[in-house]
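S.K.: Need a 3D model of the sequence below.
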Amino acid sequence: MNLKVISKNIGIALLLNALFMYISAFVSFLYDVDVSFTPLVLSALITTFVGVFPLIFVKQTYEINIKEGFTIVVFSWILSCLFGMLPYILYGGEFTPVDAWFESVSGYTTTGATILNDIESVPKGLLFWRSSTHWLGGLGVVLFMLLVLPSVSTFRMKLTKMEISSLSKENYRFKTKETIRVISFVYLGLTVLEAILLVIVGMDLFDAINHSFSTVSTGGFSTRNLSILSYDSLGVEVVVIIFMILSGMHFGLLYTLVLGRVSDIFRSPIVKFYLISLVIGSILVSLNTKFNFSDYSWAEAFRYGVFQVVSIGTTTGFANADSSVWPPFSILILIYFSFQCACSGSTTGGLKADRVLIFFKSVRVQLKKQLHPNAVLPVKIRNTNLDRDIVYSVNLYIVIYVGLVLFCSLLLSSLGLSLTDSLSSSVASLGNVGPGFGSVGSLSNYAHFPYLGKIILSLQMLLGRLEIYSILIVFSNKWFYSGH
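M.R.: Numbers count the residues shown, from 1 in each chain. Okay, the predicted model is just below:
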């Protein structure tokens, strides 16, 4: 492998992180130079130095192969998380090195799980950096890097293919350069529009920007201890629900909406499946909570039920109620959505609605084959026959995904954690959802978890964000030592 080209482009990714550290330091300056100013500036300088160093010595533009491309993607994420923990470590407070790593990984992978017991005591500059890691991670550190590369470079094409999910690539009907422009346009547009609307419904500008970063990235970091519940505002909740749903859709389809082709979205069977499942889940949870909590009015039951289903189903993880005390039926539905989540081509994690729909259709085909063994029955998505290899790879991914959830749950339970904590935190971390149930519910945090448990969960977050295969391939011995 060409270590020069790898180090150069990872350096560019680090410089983009440094830029947001400088912006966060400026926010700290605006708030009377709060105590996060020095940690942010020092972190920015360190990250800038490390990022610039390989650029100085690598002048030539190199072609890359598939191996180098995957390595750049994976290590851009890992090193961003490592350098992203610097502001937390230098600030101190509740952040031990392991906790700083956990918070950083949770931010970049848009998981939204936190170790903070008192978020509101954290200075504004550090809170902005915390939300910025969501925003960087949502669009993808590597896609940020691609924006500054020459548009004619074949490197851009190769790296884009590795960063964007194989399922989502099928839905982008654009050239590589246009794909990057589309993703960026939709992402920026949603962020700005939501921030404006949140200000209109009563949020102050700082909170509006931070929550917009967290919503559009489907991350879930809030500036308040009680998340969205602290505002007790129906207007805020409606705006957040709308943008959580939009951020869970394929960005390519959202772009066609901007172009006026509204019918493109509603013709998509995956979007239909995604929206219908959210509606059904919301109704079931709302009815279940109403019938089991006599102090809930009908309006409150639907207000809380819809918000929590959409929040979990888009892997955002905001909360307007403590769902960990809800009836088992509602909790099981929310756990299902922690697995399924939203669409490929969005900022969400989890299995993705695309894979789940293909799985259900493949099961139906197999059942029909039991009745008609000689029949040729392809799996179809919108009148398109899916290749057997695609169906096989989707079902294999689901098996590996569920296997990882169970394996990590077993590891966590061996540390003395309860079954609920072990299983729900494992599901929430691999799916980049954030909150689980039990002691890590929607209004709780992960501060009490043992250090080894936090390390296990942070590795799950990375595996989930990079969709498992990338990390497994890069860290295999054959990958590093094979000649091709």
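
S.K.: Show me what counts as buried in stretch 400-409.
M.R.: Residues of stretch 400-409 classed as buried by neighbour count (16 or more other Cβ atoms under 10 Å): Tyr401, Leu404, Val405, Cys408, Ser409. For every residue, glycine as well, the C-beta is placed using N, CA and C.

S.K.: Report the contact partners of Lys369.
M.R.: Residues in contact with Lys369, defined by Cβ atoms under 8 Å, 6 or more residues apart in numbering, are Ala375, Leu377.

S.K.: where's it, which helix or strand?
M.R.: In this structure, Lys369 sits in helix 353-371 according to DSSP states H and E.

S.K.: just checking, next helix/strand downstream of that helix?
M.R.: Next element after helix 353-371 (DSSP H and E): strand 380-381.

S.K.: which other residues reach the helix or strand following that following strand?
M.R.: Per DSSP H and E, the first helix or strand lying C-terminal to strand 380-381 is strand 384-385. Strand 384-385 has contacts (Cβ under 8 Å, 6+ apart) with Pro378, Val379.

S.K.: Provide the strand pairings for strand 384-385, with the direction of each partner.
M.R.: strand 380-381 (antiparallel) (DSSP bridges).

S.K.: picking that back up, looking at the helix holding Lys369 now, give me its mean pLDDT.
M.R.: Mean per-residue pLDDT for helix 353-371: 89.

S.K.: For it, buried residues please.
M.R.: Ala353, Asp354, Arg355, Val356, Leu357, Ile358, Phe359, Lys361, Ser362, Val365.

S.K.: For this protein, which residues score under the pLDDT cut-off?
M.R.: 59-63, 141-177, 179, 477-484 (pLDDT under 70).

S.K.: tell me the domain boundaries of it?
M.R.: Domain assignment for the chain by automatic domain parsing gives 1-163, 379-481.

S.K.: can you list the buried residues of helix 353-371 in a markdown table and add distance to Thr71?
M.R.: Converted to a markdown table, these look like this (distance: Cβ to Cβ, whole Å):
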| residue | distance to Thr71 |
| --- | --- |
| Ala353 | 30 |
| Asp354 | 27 |
| Arg355 | 26 |
| Val356 | 30 |
| Leu357 | 32 |
| Ile358 | 29 |
| Phe359 | 31 |
| Lys361 | 35 |
| Ser362 | 33 |
| Val365 | 38 |
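
S.K.: residues near the closest residue to Gly125 other than its chain neighbours, how many?
M.R.: Computed as Cβ to Cβ, 6 or more residues apart in numbering, the closest residue to Gly125 that is not its neighbour in sequence is Ser28, at 2.6 Å. Neighbourhood size, Ser28 [other Cβ atoms under 10 Å]: 26.

S.K.: How many residues are close by Asp389?
M.R.: 8.

S.K.: How about the one 5 residues further on?
M.R.: Neighbour count for Val394, taken as other Cβ under 10 Å: 24.

S.K.: which residues of the stretch 251-400 of the chain fall in helices?
M.R.: With DSSP state H, counting those that start in this stretch as the criterion, the stretch 251-400 of the chain has helices at 251-258, 262-267, 269-292, 298-313, 328-340, 353-371, 388-413.

S.K.: For Asn320, which of the ones you listed is the nearest?
M.R.: Across these, Asn320 has its closest neighbour in helix 298-313 (4.7 Å, Cβ to Cβ).

S.K.: ok so, going back, does the residue nearest to Gly125 count as helix, strand or coil?
M.R.: When classified by DSSP: H, G, I helix; E, B strand; the rest coil, Ser28 comes out as helix.

S.K.: Let me see the contact set for it.
M.R.: With Cβ under 8 Å, 6+ apart, Ser28 has these contacts: Asp34, Ser36, Phe37, Leu40, Pro123, Lys124, Gly125, Leu126, Phe128.

S.K.: residues contacting the second one?
M.R.: Think Ser36. Ser24, Ala25, Ser28, Pro87, Tyr91, Val122, Pro123, Lys124, Gly125, Leu126, Trp129.

S.K.: how much space between it and Tyr446?
M.R.: 22 Å (Cβ to Cβ, to the nearest Å).

S.K.: And the fourth one, by the same measure?
M.R.: Using Cβ to Cβ, we find Leu40 at a distance of 24 Å from Tyr446.

S.K.: swap in Tyr187?
M.R.: Separation of Tyr187 from Tyr446 (Cβ to Cβ): 28 Å.

S.K.: Next: Arg267.
M.R.: 41 Å.

S.K.: Over to Leu259?
M.R.: Distance, Leu259 to Tyr446, by Cβ to Cβ: 42 Å.

S.K.: Those two: which has the busier surroundings?
M.R.: More neighbours surround Tyr446 than the other of Leu259 and Tyr446, with 26 against 8 (other Cβ under 10 Å).
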